[in-house]
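Chemist: Starting from these lines, generate the structure:
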Amino acid sequence: MKSSTSTVLASALVLGLLPLNAHASLPGASLSLWWAVPFAGILLSIALGPLLFAHFWHKNYGKVALMWAILCAVPLYIFFDSTTSTQALAHALIGDYVPFIIFVGSLYVVAGGIHLRGSFLGRPVLNTGFLLVGAVLANFMGTTGAAMLLIRPLIEANKKRHYQMHTYIFFIFIVANIAGSLTPLGDPPLFLGFLRGVTFFWTAEHLLLVTGLAVGLLLCVYFLVDTILFNKEVKANPSLLETKEKIPFGIEGSVNFILLACIVGAVLMSGFWKTGVEYHVLGVHLALESIIRDGIFLTAGILSLLLTRKEYREANQFSWEPILEVGKLFFGIFVTIVPVLEMLRAGHEGAFAPLVSLVTGADGQPVNAAFFWLTGMLSSFLDNAPTYLAFFNLAGGDPQLLMTKEAHTLMAISMGAVFMGAMTYIGNAPNFMVVSIVQNRGIKMPTFFGYMIWSYGILIPIFLMLTWLFLM
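Modeler: Here you go, the predicted model:
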């Protein structure tokens, strides 16, 4: 009886995994939800590993990520031909992961060479000022660049504070996510929209009010919370206000600002300059301008390491662990997400059809609120750039129509992809990097689910209000 049951279960598993037809690319419409198991597995590992098996996790998280990647990749080669499987993985790794890690890594290295010197005390006004400056910078150097530039001096300013966790949580909300929604430089989904025809200033024109309201509300909530906690600390420890040594404000490692400008310029160059020259690697089309862009990123990172004085990085307590953690975990995420994105791209024909159907009303018109929430909630766990593209295409994929007649639909997709990256630690790459840097300084941060209690409790009411004001 036990053997018979096992046979039935095994048969059901195989039938769920087998494709219905042979295609040159993964047939998203034919994939069952079984294909999402490795992706769900790596998400649960990231969520529960540090909580339940902290010692094992911190020593072996890279191996765990590799295990889930293998559990996704091997079935691809079993149930699909080698060309299809290789091309699917190559698109994820060569086309997406490698440029992603080069970009994030170069920003991490360059920003880590800039040291802001001064006698900072993390008063509520100063901390709120840090968040506001980060919100502005996020639109010019990206959420990753702004986060990496400001997180270390913010930590330094608050090193005497007892209550610090909330500051870095709001930093993730604002600087690492929501604020970067006004230009294509701010966040990768918007840059992909720019590459597909959305004009450079469209996002600023249409999202300025909604982004300003969201960031403004968060700054007000943060200032209120930080003021209450700061006053409580001062009452318990009046010496907190004492500064033994006055250090004049200064910026060290300023050569890195030039390198940051080169990185930003390279991003813009790859969007505006079309050489028409392409190279093909394992079925992946690599445009010459993209190769040059990534070369500039690498060069900037190498020059930063060579030109920045060692003591500046030491003052920042610079270490490689945060970027290594991002690199290892996101390798697993980028591999396991391959079938999930194909299922999502299949739209009404795929396993996620019940979700996709929610974005279209009975009259055939787009439901903008649903576009916002579905794009957003999926972006909280999936890579927000391809999720943006999936819903961009689901909305018709015509940039001229989406920028004019259906502007609110494009607003909803853009807001969801950028804003809700703040909902989880894996919603956006700088989230993970900020957490890793903070924890490396010995500062306690919430667990994966603990952070979600903060994000859902604070952000969901704001997002509901934005939906009512702008998308209904």
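Chemist: Which of the residues in stretch 217-225 are classified as buried?
Modeler: Of the residues in stretch 217-225, 217-219, 222-223, 225 count as buried by neighbour count, 16 or more other CB atoms under 10 Å. C-beta: built from backbone N, CA, C; applies to glycine.
Chemist: Could you point out the helix or strand that follows the host helix or strand of Gly129?
Modeler: Secondary structure assignment for Gly129, by DSSP states H and E: helix 124-157. Using DSSP H and E, the helix or strand that follows helix 124-157 in sequence is helix 165-174.
Chemist: pLDDT on that following helix, on average?
Modeler: Over the span of helix 165-174, the pLDDT mean works out to 96.
Chemist: name the helices or strands packed onto that helix?
Modeler: Using 3 or more CB pairs under 8 Å, 6 or more residues apart in numbering; DSSP states H and E, the elements in contact with helix 165-174 are helix 124-157, helix 202-236, helix 429-440, helix 448-466.
Chemist: so after it, what's the next helix or strand?
Modeler: Reading on from helix 165-174 to the C-terminus, the next helix or strand found by DSSP H and E is helix 188-195.
Chemist: Could you check the angle that following helix makes with helix 202-236?
Modeler: In terms of direction (axes from the mean of the first three to the mean of the last three CA atoms, to 10 degrees), helix 188-195 departs from helix 202-236 by 160 degrees.
Chemist: List the neighbours of helix 188-195 that are in contact with it.
Modeler: With contact meaning CB atoms under 8 Å, 6 or more residues apart in numbering, helix 188-195 is reached by 100, 180-181, 183-185, 198, 200, 203, 267, 271, 379, 384-385, 387-389, 392, 399, 410, 414, 417-418.
Chemist: among the helices and strands packed on helix 165-174, which is nearest Trp34?
Modeler: helix 448-466 (24.0 Å; CB to CB).
Chemist: The closest one: how far from the chain's middle?
Modeler: Distance of helix 448-466 from the chain centroid (CA atoms, centre = their mean, to the nearest Å) equals 16 Å.
Chemist: and what of stretch 190-205?
Modeler: Distance, stretch centre to chain centre, for stretch 190-205: 18 Å (CA atoms, centre = their mean).
Chemist: can you check stretch 264-280 too?
Modeler: 22 Å.
Chemist: Per-residue pLDDT of the closest residue to Ala407 other than its chain neighbours, please?
Modeler: Spatial nearest neighbour of Ala407, excluding adjacent residues (CB to CB, 6 or more residues apart in numbering): His206 at 6.0 Å. Among the per-residue scores, His206 shows a pLDDT of 95.
Chemist: His206 and Tyr451: what is the separation?
Modeler: As judged by CB to CB, to the nearest Å, His206 and Tyr451 stand 30 Å apart.
Chemist: try Ala204
Modeler: Counting by CB to CB, the gap between Ala204 and Tyr451 amounts to 29 Å.
Chemist: what does Val281 give?
Modeler: 38 Å.
Chemist: Looking at the two, which one has more neighbours?
Modeler: Just comparing Val281 and Tyr451: by other CB atoms under 10 Å the higher neighbour count belongs to Tyr451, 21 against 10.
Chemist: residue contacts, the spatially closest residue to the more buried one that is not a sequence neighbour?
Modeler: Closest residue to Tyr451 apart from its sequence neighbours, by CB to CB, 6+ apart: Tyr425 at 5.8 Å. Counting by CB under 8 Å, 6+ apart, Tyr425 makes contact with 46, 431-432, 435, 448, 451.
Chemist: among those, who's most crowded?
Modeler: Ranked by the number of neighbours (other CB under 10 Å), the contacts of Tyr425 place Asn431 first, at 26 neighbours.
Chemist: Need the per-residue pLDDT for that residue.
Modeler: At Asn431, pLDDT is 90.
Chemist: Return the residues in contact with Thr203.
Modeler: By CB under 8 Å, 6+ apart, the residues touching Thr203 are 181-184, 186, 190, 193, 414.
Chemist: Pick out the most distant pair among those residues.
Modeler: Using CB to CB, the pair of those lying farthest apart is Leu182 and Gly193, separated by 12.7 Å.
Chemist: State the pLDDT value of Arg152.
Modeler: Taking Arg152 on its own, its pLDDT is 87.
Chemist: In space, what's closest to it - neighbours in sequence excluded?
Modeler: Leaving aside its sequence neighbours, Arg152 sits nearest to Asn316 (CB to CB, 6+ apart; 4.7 Å).
Chemist: List the residues that contact that neighbour.
Modeler: Counting by CB under 8 Å, 6+ apart, Asn316 makes contact with 112-115, 152.
Chemist: Mind doing that once more with 6 Å?
Modeler: 112, 115, 152 (CB atoms under 6 Å, 6 or more residues apart in numbering).
Chemist: For the second one, which residues count as its bridge partners?
Modeler: Right, the one you point to is His115. Per DSSP bridges, the residues bridged to His115 are Glu252.
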